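Chemist: curious how this folds, go ahead:
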Amino acid sequence: MKIISFDVWNTLIKYDRKLREEISQNITNYLISIGYEVNYEHVLDIFNSVDREIRTLRIDYLQYIPPEHSVTLLLNRLAKRYNINVNDDLIFKVLEVISSTIINSKIIRLADNVQEVLSILKSEDYTIATFSNVVFWHGKTTRQLLSKLGIDKYIDYQVYADEIGYVKPHPQAFSKLYEKITRGLIPEVAIHVGDSLREDFTGALMSNVIAVLLDEEGRYVKSQEPVEIIKCRGFIIRRLKDVILIPHMISRCLG
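Modeler: Residues are numbered from 1 along each chain as shown. Prediction:
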């Protein structure tokens, strides 16, 4: 069995800071609709600060934080200024607002050449998985989005942090991913592709998985061609479409 897993956000699908603005605006609109006179700029500021904190916890401490906790933290901070009654029902409703925003946003788009890349990998008998962390929404929301965008048909397995209780780069996260796919068998090839140096690239290496870093901005390499930075184990690419070259680059390592 040959396996290749992909991070989702800013790997298979693209977005920018405007998505955070859209989510914050919709949370603001909802809270206003139920009687709280919240300020959009304040909501956006707290949303961004909670997002940064959660991402730091998962990188520095390998800590999984459920989306419910992230939303609770957001609302509790807003409550200090706006006297919001934070309860389970409100947390659920705000999670719904966020999920609906993600699924219906016009800001989110497919990465360039993503369908071509996945199709080629399928034709080369790769089992394809998505493997992503979560902050403010559940994996099921990402599943719905990938279905709406039409690429779920290429994906054999979808695995998200809230479903396994671990976050990348925790080695147990990758172990759980492969447990679901291989059911105890050792894959012939295991590759992980993502845009985060610490979560995706380092996480894969720590789990003895071939790591491919998507470095579109050229932060780590300037060459437009794939670069092998760790012999047979670590590669950096500037374009997603170059993922299809990696199996051929590692073929000499398997002989």
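
Chemist: low pLDDT regions in the stretch 151-255 of the chain?
Modeler: Within the stretch 151-255 of the chain, the segments meeting pLDDT under 70 span 255.

Chemist: run a quick neighbour tally on residue 67.
Modeler: By other C-beta atoms under 10 Å, 21 other residues sit near residue 67. (Each C-beta comes from the backbone N, C-alpha and C, glycine too.)

Chemist: the closest residue to residue 163 other than its chain neighbours: what's it in contact with?
Modeler: Once flanking residues are discounted, residue 163 sits nearest to residue 139: 5.3 Å by C-beta to C-beta, 6 or more residues apart in numbering. Taking C-beta atoms under 8 Å, 6 or more residues apart in numbering, we find residue 139 in contact with 132, 158, 159, 160, 161, 162, 163.

Chemist: mind doing that once more with 6 Å?
Modeler: By C-beta atoms under 6 Å, 6 or more residues apart in numbering, residue 139 lies in contact with 160, 162, 163.

Chemist: how is the protein carved up into domains?
Modeler: Split into domains by automatic domain parsing, the chain comes to 2-14+109-254, 17-104.

Chemist: pick the most buried one from these.
Modeler: For the domains of the chain, average neighbour numbers computed from mean count of other C-beta atoms under 10 Å are highest in domain 2-14+109-254, which has a mean of 18.

Chemist: quickly find the element holding the most far-flung residue of the chain relative to its centre.
Modeler: If you look at how far each residue of the chain sits from its centre, by C-alpha atoms, centre = their mean, the farthest one is residue 35, at 33.7 Å. Element membership for residue 35, per DSSP states H and E: none, as it lies in no helix or strand.

Chemist: contact partners of the helix or strand where residue 174 lies?
Modeler: Secondary structure from DSSP H and E places residue 174 in helix 171-182. The contact list for helix 171-182 (C-beta under 6 Å, 6+ apart) reads 3, 131, 157, 159, 164, 166, 167, 206, 207.
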